[in-house]
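K.L.:
okay, sequence plus prediction incoming.
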Amino acid sequence: MAAARRIIIDTDPGQDDAVAILLALASLELEVIGITAVAGNVPLSLTEKNALKICELAGKTDMKVYSGAVRPLVRPLVTAEHVHGRTGLDGPDLPEPKMKLQGQYAVDFLVEKLMGEEPGSITLCALGPLTNIALALIREPRIAPRIREIVMMGGAYFEVGNITPTAEFNIHVDPHAAAVVFRAGIPIVMMPLDVTHKALATSQRVAAFRALGNKAGIAVAEMLGFSERFDKEKYAGDGGPLHDPCVIAYLVQPELFSGRNCNVEIETGSELTMGMSVVDWWGVTDRKKNAIVMREVDPEAFFTLLARRLGRL
Ligand code: RIB
Ligand code: CA
């Protein structure tokens, strides 16, 4: 096997973040060199604690978890307890973590790691608002060419929005951070709602996680049983979209996904469309192409991969 791909996961857990982190920790193709927490689905005090809980659930108690931005760059924090519950990880009854956070601030960890390691050796996996990554780019612009790739869940084009009629949650929470990241000249792979809405955690697929019978499988079934209720009611389907694991699945099996190299710009001026990801999918402008925007996924293969890997924990 080739050397494991070294990744840092930036996250706002969140049940779907939890599944993504578990998938990464169960995949030998990846080496998770750190997890940085950001405010998003719930306040930072909870996202940082949830990240620790997830590492303990996976039995990875030596994982380094860092606390990051407590709020977006400019706008007040918008959270999503209506989806994720008061704790952000409602569903399973996970114990208070024994693991401790690292003392170093997440942004300083990102800068130190990216400046200290071989250029192009680290991939950033962004599962929440992009505040930490934008702050790192502002603190030390020299990290930009040293980042191998940013694979992020966020934005939308044909699906338009989920938190407002035009914006997806991660980008809407911190549109200014997203604008900084999309303009930094870093290779980006974007997993928008257009692809995650095709990865639906149906009751049959959730049952397959529960049938694994291990702690991780049962906990994931309980997490999705809670968080998917909101989307199942909203979209009137048999399952809610499983957003963040698409980022990790892409790194493990990129062939499950397909998309197009496009220009992506972020709305930061209009309140009506704040946080909208404006994707030039049809190439009608001469704007620079700055992201591979995914639109298709093989859902059966995606969920088979997830079940197999969760079963390893
Ligand atoms: O819009 C979906 C995204 O917002 C996911 O990352 C979910 O965890 C929330 O952060
Ligand atoms: Ca998330």
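P.N.:
Received the coordinates, thanks. Ligands and ions are numbered 1, 2, ... in the order given.
K.L.:
for Val278, helix, strand, or coil?
P.N.:
strand (DSSP: H, G, I helix; E, B strand; the rest coil).
K.L.:
my guess is it meets Ile266, correct?
P.N.:
Yes. When contacts are counted by C-beta atoms under 8 Å, Val278 is listed as touching Ile266 (7.3 Å). For the C-beta atoms, the positions are set from N, CA and C on the backbone; glycine is no exception.
K.L.:
what's the nearest residue to Gly120 if we skip its chain neighbours?
P.N.:
Take Gly120 and drop its neighbours on the chain: the residue closest to it by C-beta to C-beta, 6 or more residues apart in numbering is Arg148, 4.7 Å away.
K.L.:
Pro92: which element?
P.N.:
Using DSSP states H and E, Pro92 maps to neither a helix nor a strand.
K.L.:
wait, it sits on Ala219?
P.N.:
Yes. Using C-beta under 8 Å as the test, Pro92 is close enough to Ala219 to be in contact (4.2 Å).
K.L.:
for the two, list the residues in contact with both.
P.N.:
With contacts taken as C-beta atoms under 8 Å, 6 or more residues apart in numbering, Pro92 and Ala219 have no neighbour in common.
K.L.:
thinking again about what came up before, you'd agree the residue nearest to Gly120 is in a strand?
P.N.:
Yes. Assessed by three-state DSSP, Arg148 belongs to a strand.
K.L.:
how many residues are close by it?
P.N.:
18 (other C-beta atoms under 10 Å).
K.L.:
stretch 220-237 near ligand 2 at all?
P.N.:
No. Stretch 220-237 does not reach ligand 2 (C-beta under 5 Å from the ion); its nearest approach is 10.6 Å.
K.L.:
list the buried residues of that stretch.
P.N.:
The neighbour-count check on stretch 220-237 (16 or more other C-beta atoms under 10 Å) flags Val220, Ala221, Glu222, Met223, Leu224, Gly225, Phe226, Ser227, Glu228, Asp231, Lys232 as buried.
K.L.:
which positions in the stretch 51-200 of the chain make contact with ligand 2?
P.N.:
Leu127, Gly128.
K.L.:
and the helix ranked longest in the chain, what does it pack against?
P.N.:
Scanning the chain for the longest helix, with DSSP state H as the assignment, gives helix 215-235. In terms of contacts (3 or more C-beta pairs under 8 Å, 6 or more residues apart in numbering; DSSP states H and E), helix 215-235 is packed against helix 15-25, helix 44-57, helix 81-84, helix 203-210, strand 240-241, helix 299-310.
K.L.:
separation between the closest residue to Asn263 other than its chain neighbours and ligand 1?
P.N.:
Excluding the flanking residues, the one nearest Asn263 by C-beta to C-beta, 6+ apart is Arg287, at 3.8 Å. Separation of Arg287 from ligand 1 (C-beta to the nearest ligand atom, to the nearest Å) stands at 24 Å.
K.L.:
Three-state assignment for Arg287, please.
P.N.:
Relying on three-state DSSP, one would call Arg287 coil.
K.L.:
for ligand 2, see how far away it is.
P.N.:
According to C-beta to the ion, to the nearest Å, Arg287 stands 27 Å off from ligand 2.
K.L.:
quick thing: my sequence starts at 465, can you match it?
P.N.:
Yep, numbering from 465; the last one is Arg751 now.
K.L.:
in contact with the closest residue to ligand 1 within the stretch 565-714 of the chain, which residues?
P.N.:
Ligand 1 sits closest to Phe633 of the stretch 565-714 of the chain, with a gap of 3.6 Å, by C-beta to the nearest ligand atom. Contacts here follow C-beta under 8 Å, 6+ apart; on that basis Phe633 touches Gly504, Asn505, Val542, Ala544, Asn626, Ile627.
K.L.:
you'd agree the second one is up against Thr543?
P.N.:
Yes. At 6.3 Å, Asn505 and Thr543 qualify as touching, with contact defined as C-beta under 8 Å.
K.L.:
neighbour count winner among those two?
P.N.:
Asn505 (30 against 18).
K.L.:
once you drop chain neighbours, what's closest to the more buried one?
P.N.:
Per C-beta to C-beta, 6+ apart, closest to Asn505 is Gly478, 4.1 Å.
K.L.:
shouldn't the one you found be in contact with Asp708?
P.N.:
Yes. At 7.0 Å, Gly478 and Asp708 qualify as touching, with contact defined as C-beta under 8 Å.
K.L.:
kindly tell me how buried Ala671 is, as a neighbour count.
P.N.:
Using other C-beta under 10 Å: Ala671 sits among 10 other residues.
K.L.:
all helices of the stretch 515-664 of the chain, in order?
P.N.:
545-548, 570-580, 595-603, 633-637, 639-646, 657-660 (DSSP state H, counting those that start in this stretch).
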